[in-house]
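Student: Okay, here's the prediction I keep looking at, along with the sequence it came from:
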Amino acid sequence: MDRPLVMKGKRVSLGIYRREEIPRMYRDFADSEVQRFLNRPDKLFYLEGEYDWYDGLRKDESSRVMAVLLNKGAGKGRSDGEHELIGSVGIHDIDIISRNAELGYLLFRKYWGKGYATEAVWLGIDYAFRTLNLRKLIARVMEPNRASSSVLEKNGFVLAGRLTGHHYLRSYGYVDELYYELHRDSVTD
Ligand SMILES: CC(C)(COP(=O)(O)OP(=O)(O)OC[C@H]1O[C@@H](n2cnc3c(N)ncnc32)[C@H](O)[C@@H]1OP(=O)(O)O)[C@@H](O)C(=O)NCCC(=O)NCCS
């Protein structure tokens with residue numbers, strides 16, 4: 001069974017998560033490389049916890065978390081005839097008074113380095129500004145996560161500030177947290 005798409009892009013789209021995908025997500029999302037620069041790299045994942053996450057997602061009006069899907073025919077050797085789940089883009093902490101929110105994203109490891117994240121983030125931005133009518137997005141990045149900074153910068157985000165030595169990472173010691181921002185009026189149609 002395929003699913004409703006929310007945003008359609010050239011190679012990837014954003015769509016609705018399906019409950020039966022949770023076990024697959026559990027495996028790829030809990031990957032230590034994927035978690036390396038996320039807020040709680042020490043987190044232990046339980047399958048039941050992912051179902052709780054999914055149930056919360058459906059009811060949470062302050063966030064929009066969408067599946068990143070590889071478009072039919074966009075990947076090599078794909079025969080399932082469906083959009084393939086490759087990651088997640090989320091718009092979190094939506095503030096309807098100030099019209100801002102925080103953008104988050106991840107791709108499963110085998111899809112890195114192909115430009116899919118840059119395209120998926122662009123679709124998230126478009127959704128935030130044109131569908132939700134927000135006026136500003138922020139994103140937070142741990143400084144060693146260069147791929148993530150690059151994805152943001154390629155989409156027009158600018159560095160607004162940093163919290164020094166803010167996070168402890170086992171392989172890096174204390175690292176800065178970078179704050180990026182993007183104003184809607186800086187994005188050309
Ligand atoms: C961050 C993430 C989404 C990037 O995905 P991706 O598929 O590599 O992204 P893209 O291919 O669209 O673009 C990555 C860019 O970063 C660049 N890059 C990758 N590693 C880099 C590094 N170590 N130093 C500098 N640039 C780097 C790539 O060259 C590419 O830029 P280019 O297109 O100009 O060559 C992916 O690594 C991920 O899911 N990581 C785990 C979760 C995560 O950290 N999410 C972000 C939290 S802030």
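Tutor: Yes, it's here.
Student: What helices and strands are in contact with the top helix by length along the chain?
Tutor: Of all the segments of type helix in the chain, defined by DSSP state H, the longest one is helix 47-59. Other helices and strands packing on helix 47-59, by 3 or more Cβ pairs under 8 Å, 6 or more residues apart in numbering; DSSP states H and E, are helix 22-29. Yep, even glycine has a C-beta here, placed from its N, CA and C like the rest.
Student: Report the buried residues of the helix it packs on.
Tutor: Within helix 22-29, the residues that count as buried by 16 or more other Cβ atoms under 10 Å are Ile22, Met25, Tyr26, Asp28, Phe29.
Student: likewise stretch 162-169?
Tutor: Quick answer for stretch 162-169 (16+ other Cβ under 10 Å): His167, Leu169.
Student: hmm, it in reach of the ligand?
Tutor: No: Stretch 162-169 lies apart from the ligand when judged by Cβ under 6 Å from any ligand atom; the minimum separation is 11.3 Å.
Student: Name the surrounding residues that touch that stretch.
Tutor: Contact with stretch 162-169 is made by Arg36, Phe37, Pro41, Met142, Glu143, Pro144, Tyr174, Val175, Asp176, Glu177, Leu178, Tyr179, as judged by Cβ atoms under 8 Å, 6 or more residues apart in numbering.
Student: do stretch 105-114 as well
Tutor: 28-29, 31, 33-34, 38, 68, 70, 86-90, 116-117, 120-121, 124, 147, 151.
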